[in-house]
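Engineer: Quick one, structure for this:
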Amino acid sequence: MPDRTEPGWRRWSLLAPAVVLAAAVMLQGVSVVREPPPARAPGLEAAIPAVVPGWTSRALPLGPSEFVATAAEKVLNFDEVLNREYASAGRSFGLYVAYWGPGKMPSRLVASHTPDRCWTENGWRCRAMRFRQPESVGGTPLQPAEWRLFDPPQGGPPVYVLYWHLVDGRVYDYGDRFNAIPDPYRWWKDVVQQVVLGNREQYFIRLTSTQPLDTLWNDPGFLAVVRSLELLGLAAKPPAPPSSRSPS
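Structural biologist: Take a look at the predicted model:
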């Protein structure tokens, strides 16, 4: 039997209730009874058109060299990725989509690889930001996006960014903050949810351009690309149902 007069035991006896309380708070709104996951959309290459009206496209590597690209694949550990640039008459935009199937990656690790962190660690500077930015396609609302404006490290025009992180078809809540450093509450909440729900299906979707992205929303080719992303879960979802528990 442990000696309950030892300092370590006394400290744990005081800490344990706080840990249990924190776990209970984190699990608020989490349904223990999971709905069957939706059928996955077609593979990224099949789901997202390479050629759209008025635009051509080319595949881009994940880094400036094969070594960097291979290292990125190992760190991100995705099941599938698409990195493509579309060009038309002096304009261009980039699309990056990564996919992780159920059981592949904890959402907190995927959430730590956003432009907020990875780009700033490589010399980019965020000039402006908006949180949970509303967007729509042809009157169909999309799930809210994170909006950023970055200055590249070597100079040149600023880059406009929209990104979404979908977990089980719903946008991940990054909070109203720049996420160069993960939010401690959300990080621990993800730990508890992973224990209860396991590693869930995820997409990370990023649109980039040196032109303001809102100037492209009426372009038929750009809209064709964004509409294809709706099949991946980008269309807005109804509010999540209240939490439920298994019958006792």
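Engineer: The spatially most central residue of the chain in helix, strand or coil?
Structural biologist: Centroid-nearest residue in the chain: His165, 1.9 Å away (criterion: Cα atoms, centre = their mean). In three-state terms, and counting by DSSP: H, G, I helix; E, B strand; the rest coil, His165 is strand.
Engineer: got it, and Lys74?
Structural biologist: Look at Lys74: counting by three-state DSSP, its state is helix.
Engineer: Show the pLDDT at it.
Structural biologist: With respect to pLDDT, Lys74 has a value of 74.
Engineer: measure it to Met105 for me?
Structural biologist: 12 Å (Cβ to Cβ, to the nearest Å). Where C-beta positions appear, they are placed from N, C-alpha and C, glycine not excepted.
Engineer: beta partners for the residue nearest to the centre of the chain?
Structural biologist: Going by DSSP bridges, His165 is paired in beta bridges with Phe204.
Engineer: Test my guess that Val137 contacts Ala224.
Structural biologist: No - at 9.8 Å, Val137 and Ala224 do not qualify as touching, with contact defined as Cβ atoms under 8 Å.
Engineer: Report pLDDT for Gln154.
Structural biologist: On the pLDDT scale, Gln154 is placed at 87.
Engineer: hey, where'd the helices end up in the chain?
Structural biologist: Secondary structure of the chain (DSSP state H): helices at 7-26, 44-47, 66-76, 107-111, 115-121, 184-197, 220-229.
Engineer: mean pLDDT lowest for which of these?
Structural biologist: What stands lowest among the helices of the chain, in mean pLDDT terms, is helix 7-26, with a mean of 46.
Engineer: Contact partners for Leu142?
Structural biologist: Neighbouring residues of Leu142 by Cβ atoms under 8 Å, 6 or more residues apart in numbering: Pro134, Glu135, Ser136, Val226, Glu230, Leu234, Ala235, Ala236.
Engineer: Whichever of those end up buried, select them in PyMOL.
Structural biologist: Buried subset of the contacts of Leu142, written as a PyMOL selection, criterion 16 or more other Cβ atoms under 10 Å:
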select buried, resi 135+226+230+234+235
